[in-house]
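Asker: Below are the sequence and a predicted model for it; my questions follow.
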Amino acid sequence: MLYVFQVLNGIGIGMIYFLISIGLTLIFGIMNFVNFAHGAFYLLGAYLGYQVALSTGSFTLALITAPLALAAIGWLSERYFLSRLYDIPHTYQILVTLGLSLVIQELVISIWGPVGTTVAIPEALRGVIFIGGFPYPKYRIFVVLFAGILALLVWFLLERTRYGALLRAGSESTQMVSMLGIDIYRLFSATFALGALLAGIAGVLSAPLRGTDPFMSGEALAIGFVVVVIGGLGRFEGALVGSILVGVVQSVMSSVWSEGANIMIYVAMGLVILLRPRGLFGRA
């Protein structure tokens with residue numbers, strides 16, 4: 001029964017990882033841009049959500065306004081700063097976005113302090129629900145359902161809309177899409193905004209589970225890249241399956257070998273690289 005509980009916990013954690021990694025896999029896998037500031041968007045989303053919930057007493061308002069603020073920040077960052085880095089080597093992209101991440105982290109510390117905070121679970125989502133006689137926290141069920149709905153919406157956006165088709169085409173040939181009269185760079189700005197929006201949602205959702213601290217961005221970024229490697233670059237299904245796999249491995253191992261739970265994530269990544277170098281759903 002303990003392992004069933006841990007698997008369910010892993011799925012809940014995995015859905016948060018999905019919201020982090022799907023933006024990263026779009027930006028990295030499709031746009032070929034290495035964004036080390038992505039974890040900082042998650043960090044900022046958690047703290048903005050915490051502040052809105054603290055000031056208004058409404059978690060729902062926090063879940064709406066904080067991600068929208070992150071979408072605006074992501075759009076502005078790409079439009080007026082990061083778009084200048086598309087044609088330079090990845091080494092410089094890493095250095096610049098890592099610098100941006102550190103700036104955001106220091107801003108968080110200067111505003112909210114270096115000590116982490118706890119975030120209360122919304123009153124309506126406290127307590128447990130019995131599933132087949134097995135108690136499971138209401139809030140974790142909410143996280144799974146909410147993130148699952150978002151996953152369906154993102155899949156529809158990428159696979160069934162003009163935006164998704166243009167994004168995939170632009171990743172193959174920016175010049176060809178531009179010749180059709182499409183502003184590909186405006187499309188890329190929208191993708192950055194979408195990635196930041198989803199990272200912000202992940203930050204707000206994770207705050208009641210783990211609290212907030214100024215250094216949570218590094219953990220999120222590392223797990224995001226692990227998911228991208230496991231699932232395959234630019235693949236929606238890869239991000240989803242990889243996130244759940246990482247979440248379940250981390251959760252189950254925490255009850256077997258708590259000190260090595262995070263280590264096993266990288267062991268799983270190494271096994272995938274050995275067996276399928278392009279990831280579970282990667283393409284040549």
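Answerer: It's in. Numbers count the residues shown, from 1 in each chain.
Asker: Which parts of the chain are helices?
Answerer: Using DSSP state H, the helices found in the chain span residues 2-25, 38-56, 59-80, 90-112, 138-159, 162-172, 174-179, 184-210, 216-231, 236-256, 261-275.
Asker: Out of the ones you listed, point me to the one whose mean pLDDT is lowest.
Answerer: Among the helices of the chain, helix 174-179 carries the lowest mean pLDDT, at a mean of 69.
Asker: In JSON lines, list the helices of the chain along with distance to residue 123 and mean neighbour count.
Answerer: Every C-beta, even on glycine, is put in place using the N, C-alpha and C of the backbone. As requested, those are exported to JSON lines (distance: least, CB to CB, whole Å; neighbours: other CB atoms under 10 Å):
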{"stretch": "helix 2-25", "distance to residue 123": "19", "mean neighbour count": "23"}
{"stretch": "helix 38-56", "distance to residue 123": "12", "mean neighbour count": "25"}
{"stretch": "helix 59-80", "distance to residue 123": "9", "mean neighbour count": "20"}
{"stretch": "helix 90-112", "distance to residue 123": "24", "mean neighbour count": "15"}
{"stretch": "helix 138-159", "distance to residue 123": "11", "mean neighbour count": "16"}
{"stretch": "helix 162-172", "distance to residue 123": "38", "mean neighbour count": "16"}
{"stretch": "helix 174-179", "distance to residue 123": "49", "mean neighbour count": "13"}
{"stretch": "helix 184-210", "distance to residue 123": "11", "mean neighbour count": "24"}
{"stretch": "helix 216-231", "distance to residue 123": "25", "mean neighbour count": "24"}
{"stretch": "helix 236-256", "distance to residue 123": "26", "mean neighbour count": "22"}
{"stretch": "helix 261-275", "distance to residue 123": "31", "mean neighbour count": "15"}
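Asker: For residue 32, find the nearest of the ones you listed.
Answerer: Between residue 32 and the helices of the chain, the shortest gap by CB to CB is with helix 162-172, which sits at 7.0 Å.
Asker: Okay, angle between the closest one and helix 236-256 too, please.
Answerer: Orientation check (axes from the mean of the first three to the mean of the last three CA atoms, to 10 degrees): helix 162-172 against helix 236-256 gives 90 degrees.
Asker: List of residues touching helix 162-172?
Answerer: 26, 30-32, 157-158, 176-177, 182, 184, 187-188, 190-191, 234 (CB atoms under 8 Å, 6 or more residues apart in numbering).
Asker: Mind doing that once more with 7 Å?
Answerer: 30-31, 157-158, 177, 182, 184, 187, 191 (CB atoms under 7 Å, 6 or more residues apart in numbering).
Asker: quick one: which of the helices of the chain is nearest residue 119?
Answerer: Closest among those, once you apply CB to CB, is helix 184-210, at 4.0 Å.
Asker: now that closest one: how far from the chain's centre is it?
Answerer: 7 Å (CA atoms, centre = their mean, to the nearest Å).
Asker: what helices or strands is that helix leaning on?
Answerer: For helix 184-210, the packing partners by 3 or more CB pairs under 7 Å, 6 or more residues apart in numbering; DSSP states H and E come out as helix 2-25, helix 38-56, helix 59-80, helix 138-159, helix 162-172, helix 174-179.
Asker: let's see it at 8 Å
Answerer: Packing partners of helix 184-210 (3 or more CB pairs under 8 Å, 6 or more residues apart in numbering; DSSP states H and E): helix 2-25, helix 38-56, helix 59-80, helix 138-159, helix 162-172, helix 174-179, helix 216-231.
Asker: Point out the one among the ones you listed that comes closest to residue 257.
Answerer: Of those, nearest to residue 257 by CB to CB is helix 2-25, at 12.4 Å.
Asker: so what's residue 226 closest to, chain neighbours aside?
Answerer: Leaving aside its sequence neighbours, residue 226 sits nearest to residue 269 (CB to CB, 6 or more residues apart in numbering; 5.0 Å).
Asker: wait, isn't that neighbour in contact with residue 228?
Answerer: No: between residue 269 and residue 228 there is no contact under CB atoms under 8 Å: 9.9 Å.
Asker: Let me see the contact set for the closest residue to residue 41 other than its chain neighbours.
Answerer: In space, and not counting its chain neighbours, residue 41 is closest to residue 199: 4.1 Å by CB to CB, 6+ apart. Residues near residue 199 by CB under 8 Å, 6+ apart: 19-20, 23, 38-39, 41-42, 45, 70, 220.
Asker: distance of residue 199 from residue 207?
Answerer: 13 Å (CB to CB, to the nearest Å).
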